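Enquirer: Just a sequence and a predicted model for now, questions to come.
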Amino acid sequence: MAEVSAYAPDGVPEVAAGDDLVALLLPLVDLADGEIVAVTSKVVAKAEGRVVTGDRDELLPEETVRVVARRGPTTIVRTRHGLTLAAGGIDNSNVASGSVVLLPEDPDGSARRIRADIAARTGRNVGVVVTDTAGRAWREGQTDIAVGAAGVRVAEAYAGRVDVHGNELAVTAPAVADELAGLAELAQGKLGGRPFAVVRGRSDLVLPVGDDGPGAAALIRPEGADLFGYGAREAVLRAARGELGDAAPFGTAVPLDELHAALAEAGLRLDEPGHLAAVRIVAFAHGWRADEPSDGGNIGLRPLTP
């Protein structure tokens, strides 16, 4: 029988800049080797002095690499951490009016420091996950994910393994750090004032002493590798604008035959000069540039990047 559990201790006071999170945690828990400590990004940020005066709209541009999508009052952005979050992860709850909490500067670095401090003070080898709340494509509601990690295997690799029926698992790679974050949040609750949680029963995910692993950054897809680099409306507008700086989220250039198929599906012809404007939009979204026909010939096509 396999058993995994999580508990979140009460008794954590309000955290302020400069507070020692490990000193706050240790009197409340009895840690053992192989356990995983989850800490909310908000409490990490507060301890690191990331509470600032202002509102989210004012501060969002500073935390934004690019806008992914806008719907009414909601703006989803890719942050400089590489995370895709509503309002860039800027939080105005559980903080004084007129102030907001920014994400930690380096969540993986924060996790490494917490893990090292726990080891130095207790001798225990634990994993650490820094968590934050995020929405999901195609799904209502939110769940917690790992934005920082240390000493934890953040994903399991099942590719090449075989199931009980002999079928090879080709792409299965559970993001176990995110699953740990979601489990921890169930114990913490949103309004319980419990920023720490301890997960037991998955010591197999905890790395050896001295090995912090790649961190939660390893779960972030690089620019252009995400199938949803823009929202649906934003993708149309970016492709219509056709600026080279907007191209990366669409991914690398597709093979030419794939572009031809996309143009045909849209009812566009390269031998029809009047189709040039629409061809440019479709081509840009597929990593190509469309050029003016020369000497009465076809619309030209070339990759956006060599």
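Expert: Alright, I've got the coordinates. Numbering: from 1, shown residues only.

Enquirer: which strands and helices sit next to whatever helix or strand Arg121 lives in?
Expert: Taking DSSP states H and E as the definition, Arg121 sits inside helix 107-122. Under the contact definition 3 or more CB pairs under 8 Å, 6 or more residues apart in numbering; DSSP states H and E, helix 107-122 sits against helix 21-25, strand 36-40, helix 41-47, strand 127-136, strand 139-150. No exception for glycine: its C-beta is placed from N, CA and C like everyone else's.

Enquirer: For it, could you pull out the residues that count as buried?
Expert: 107-115, 117-119, 122 (16 or more other CB atoms under 10 Å).

Enquirer: Do you have the helices of the stretch 101-250 of the chain handy? List them.
Expert: With DSSP state H, counting those that start in this stretch as the criterion, the stretch 101-250 of the chain has helices at 107-122, 176-188, 232-241.

Enquirer: would you list those helices in TSV and tack on distance to Gly151 and mean pLDDT?
Expert: Below are the helices of the stretch 101-250 of the chain laid out as TSV (distance: least, CB to CB, whole Å; pLDDT from 0 to 100):
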stretch	distance to Gly151	mean pLDDT
helix 107-122	5	98
helix 176-188	11	97
helix 232-241	38	96
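
Enquirer: possible to save the ones you listed as a markdown table with distance to Gly82?
Expert: Compiled in a markdown table, the helices of the stretch 101-250 of the chain are given as follows (distance: least, CB to CB, whole Å):
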| stretch | distance to Gly82 |
| --- | --- |
| helix 107-122 | 11 |
| helix 176-188 | 15 |
| helix 232-241 | 18 |
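
Enquirer: Off-centre distance for the helix holding Arg121?
Expert: 22 Å (CA atoms, centre = their mean, to the nearest Å).

Enquirer: Next: stretch 193-213.
Expert: Worked out by CA atoms, centre = their mean, stretch 193-213 lies 20 Å from the chain centre.

Enquirer: Ok, stretch 60-68 next?
Expert: Remark: stretch 60-68 is offset 14 Å from the chain centroid, using CA atoms, centre = their mean.

Enquirer: List the buried residues in that stretch.
Expert: Leu60, Glu63, Thr64, Arg66, Val67, Val68.

Enquirer: For the nearest residue to Asp246 once chain neighbours are set aside, list the residues it contacts.
Expert: In space, and not counting its chain neighbours, Asp246 is closest to Arg238: 4.3 Å by CB to CB, 6 or more residues apart in numbering. Neighbour list for Arg238: Tyr230, Asp246, Pro249, Phe250 [criterion: CB atoms under 8 Å, 6 or more residues apart in numbering].

Enquirer: Thank you kindly, that will do.
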